[in-house]
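K.L.:
Got a predicted model here, sequence first, then my questions.
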Amino acid sequence: MRHLAAYLLLQIGGKASPTADDVKKVLSAVGIEADEERLSKLIAELDGKDVNAVCLVHLCYFSCHLRRLL
């Protein structure tokens with residue numbers, strides 16, 4: 001989750017496609033060591049995708065499942 005949070009912070013800050021090194025810099029600034037395996041997977045999964053669209057899809061998915069539980 002911390003890797004994704006750093007990635008999103010970089011995007012909000014204007015970096016359209018953050019790299020693993022960018023994310024590592026953000027995490028190290030607050031004293032957190034990046035998990036190389038998880039970070040590589042995150043970067044690969046988000047490469048070339050619109051993060052806003054990905055978040056919207058997952059938000060809709062969870063919203064639909066939450067309605068079924070209520």
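P.N.:
On my side now, so go ahead. Numbering: from 1, shown residues only.

K.L.:
the helices in the chain, which residues?
P.N.:
Per DSSP state H, the chain carries helices over the ranges 2-12, 20-29, 36-46, 51-69.

K.L.:
Make a markdown table out of the ones you listed and add mean neighbour count and mean pLDDT.
P.N.:
Where you see a C-beta, it was placed from the backbone N, CA and C, and this is true even at glycine. Listed next are the helices of the chain as a markdown table, based on neighbours: other Cβ atoms under 10 Å; pLDDT from 0 to 100:
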| stretch | mean neighbour count | mean pLDDT |
| --- | --- | --- |
| helix 2-12 | 17 | 94 |
| helix 20-29 | 16 | 97 |
| helix 36-46 | 14 | 95 |
| helix 51-69 | 10 | 81 |
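
K.L.:
burial count for residue 19?
P.N.:
14 (other Cβ atoms under 10 Å).

K.L.:
how far away is the closest residue to it other than its chain neighbours from residue 8?
P.N.:
Leaving aside its sequence neighbours, residue 19 sits nearest to residue 43 (Cβ to Cβ, 6 or more residues apart in numbering; 7.0 Å). Using Cβ to Cβ, to the nearest Å, residue 43 is found at 13 Å from residue 8.

K.L.:
And for residue 37?
P.N.:
Residue 37 is 20 Å from residue 8, by Cβ to Cβ.

K.L.:
again with residue 28
P.N.:
17 Å.

K.L.:
again with residue 26
P.N.:
For residue 26, the distance to residue 8 - Cβ to Cβ - is 10 Å.

K.L.:
Residue 41 too?
P.N.:
Going from residue 41 to residue 8 by Cβ to Cβ gives 16 Å.
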